[in-house]
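Asks: Sequence and predicted model, in that order:
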Amino acid sequence: MAYSDKVIDHYSNPKNVGTLDKASKSVGTGLVGAPECGDVMRLQIEVDEATGLITDAKFKTFGCGSAIASSSLATEWLKGKTIDEAVKIDNMDLVEELNLPPVKIHCSVLAEDAIKAAINDFRVKNGLAELVFEQSHV
Amino acid sequence: MLKLPIYLDHNSTTPMDPRVLEAMLPYFLENFGNAASRNHSFGWQAEEAVDYAREQIAQLIGADPKEIIFTSGATEGNNLGIKGVYEMYASKGNHIITCTTEHKAVLDTCKHLEKLGAEVTYLEVQPDGLVDLKQLEAAMKPTTILVAIMYANNEIGVIQPVKEIAAIAKKHGALYFSDAVQAVGKIPVNVIADGIDIMSFTAHKMYGPKGVGALYVRRKNPRVKVTAQIDGGGHERGMRSGTLNVPGIVGFGKAAEIARTDMAADTERVSKLRDKLENALKVIDETYVNGNPAHRLPHVSNISFKYVEGEGLMMGFNKDIALSSGSACTSASLEPSYVLKALGLGDDLAHSSLRFGLGRYTTEEQIDFTIKAVTDTVLKLREMSPLWEMFKEGIDIDAIQWAHH
């Protein structure tokens, strides 16, 4: 199976690989997937208290090229968004942008789950209730 | 000049040796006869060519030419060998013993027979990939008609103790079938010395053409028969009907002859390159070689690079290097290799493995390139891996409650 050029580009030059201080109140961390399933994604967001904007986003991913590309793209999209906007990122948008084939859709689902987990981690740290999400498109 | 891409997937298939192609060519256009045509020179020529190939192939495995049944490949050979024995020896019993690391062509054939009333024991293998002979002995029953254990494994290259397996089968009055597709032409295989009763192998794994294989069926001590699975004109002593693939068989014969004459030199050269590759990659932290290192094919190395995923790893160099991963992230189930899991490898290691299969035309320059490309990619992906970061921080990854999706 050949990868799309966009997947190859994110894989070769991943954006925003790294680690934010998970102890910080302004950082939300989402860790999703499982080693047994062959993919683990950790996505972090840093939120500016005054503006409510996501000022930074980082990821680290154990997984195939599509999983790496999905998380790399997700961090790019997160930056500059408000939490409310970030929640609306849909896995199918990632699928479309990266031209993921059907067998790789789960990679985009994982990225969406990571975003939501990071947002909820941030909310809980800041005394807000966890958001309840619908199941993403598998 | 190094020519890319580099082919390191020789357990999957091999390129044809040019000497094989040359031997085959006259049998497409000029000598196109049907080997079963008894009344004219075209048929005689074809028959003569097939007989010669049969001798070349028999010689490679220490058999009599009459014991070679041509098939379309090893999948057919496995089907014919196992189903054929099950049908032929039904009055003797219905129990078959095999093992969990067999090729799907053996496992799925056994599963099919289970539906028809066979009782099948699937032996677990030891962590080094070898069958436990005591377990085999304990599994034997009065109704056991067949032991089906491969010669060498396609994913990790371990060589089973075939002589000992054959002796146990014989002692209990069962036949021994071996899928030897990875072994024949690569290491010395002798059906007499090994005590094998039925054995399947194929041309395209030994620099011959695709679409032609053989089933060795022993003719004495004991005389073995298998029930045909393809009925028709009664070719191949009635065990496999169908017009013979004459050019393919001629190529198979030539490939067998070359394998026999060049084996020692090929093995020495390729095993040195394999060891060089393996030793260089083992230098990387948290890297594990899978399978028994002493009982292993000379041209295979299966290595797990912990904390990086196999498919993601291959993507780092798969435009330049062709090899195979034990990870199957392309399937919806996300199941890693069942062979690696059968060794007791955790899913994390099973998902992190690559199979390097070297061959006759692999060069040192290609190996040097591969060492560098794989090392660079592993290091790069570990910098991107949350699991590697946790490992470095001393977090026990196995203790984390992962959400399975």
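Replies: Structure received.

Asks: Show the contacting residues for residue B:50.
Replies: B:35, B:70, B:244, B:246, B:249, B:250 (C-beta atoms under 8 Å, 6 or more residues apart in numbering or on different chains). (Glycine included, C-beta is placed from N, CA and C.)

Asks: in which helix or strand would I find it?
Replies: Assigned by DSSP states H and E, residue B:50 belongs to helix B:41-61.

Asks: How about the longest helix anywhere in chain A and chain B, any contact?
Replies: Using DSSP state H, we find that the single longest helix of chain A is helix A:105-125. Yes - using C-beta under 8 Å from any C-beta of the partner chain, helix A:105-125 reaches chain B at A:106, A:109, A:110, A:113.

Asks: hang on, the earlier thing: restricted to helices, list the contacts of residue B:50.
Replies: When DSSP H is applied, the contacts of residue B:50 are split such that B:246, B:249, B:250 fall in helices.

Asks: Now the helix holding residue B:50: buried residues?
Replies: Residues of helix B:41-61 classed as buried: B:45-47, B:49-50, B:52-58, B:60-61 (neighbour count, 16 or more other C-beta atoms under 10 Å in any protein chain shown).

Asks: For chain A, what lies in contact range of chain B?
Replies: Close to chain B, as judged by C-beta under 8 Å from any C-beta, chain A has residues A:1, A:3, A:8, A:11, A:14, A:17, A:19, A:31-42, A:60-65, A:67-68, A:103-104, A:106, A:109-110, A:113.

Asks: ok, residue A:34 to residue B:291 distance?
Replies: Distance of residue A:34 to residue B:291, given as C-beta to C-beta, to the nearest Å: 26 Å.

Asks: between the two, who's got more neighbours?
Replies: Using other C-beta atoms under 10 Å in any protein chain shown as the criterion, residue A:34 and residue B:291 rank with residue B:291 on top: 26 against 18.

Asks: what's the spacing between that one and chain A?
Replies: Using C-beta to the nearest C-beta, to the nearest Å, residue B:291 is found at 21 Å from chain A.

Asks: Can you verify that residue is assigned to a strand?
Replies: No - counting by DSSP: H, G, I helix; E, B strand; the rest coil, residue B:291 falls outside a strand, being coil.

Asks: Tell me where the stretch 101-250 of chain B has strands.
Replies: Using DSSP state E, counting those that start in this stretch, the strands of the stretch 101-250 of chain B run over B:119-123, B:144-148, B:175-179, B:198-202, B:213-217.

Asks: Is it possible to get JSON lines of those that adds distance to residue B:364 and mean pLDDT?
Replies: Shown next, in JSON lines, are the strands of the stretch 101-250 of chain B (distance: least, C-beta to C-beta, whole Å; pLDDT from 0 to 100):
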{"stretch": "strand B:119-123", "distance to residue B:364": "39", "mean pLDDT": "98"}
{"stretch": "strand B:144-148", "distance to residue B:364": "38", "mean pLDDT": "98"}
{"stretch": "strand B:175-179", "distance to residue B:364": "32", "mean pLDDT": "98"}
{"stretch": "strand B:198-202", "distance to residue B:364": "29", "mean pLDDT": "98"}
{"stretch": "strand B:213-217", "distance to residue B:364": "32", "mean pLDDT": "98"}
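
Asks: Among the ones you listed, which comes closest to chain A?
Replies: strand B:119-123 (22.1 Å; C-beta to the nearest C-beta).

Asks: Quick one: neighbours of residue 8, just the number.
Replies: Here I'm looking at chain A. Residues lying near residue A:8 (other C-beta under 10 Å) number 15.

Asks: To clarify, I was referring to chain B.
Replies: 24.

Asks: Name the nearest residue to it, ignoring sequence neighbours.
Replies: Closest residue to residue B:8 apart from its sequence neighbours, by C-beta to C-beta, 6 or more residues apart in numbering or on different chains: residue B:323 at 4.4 Å.

Asks: Low-confidence stretches in chain A?
Replies: Low-confidence segments of chain A (pLDDT under 70): A:1, A:135-138.
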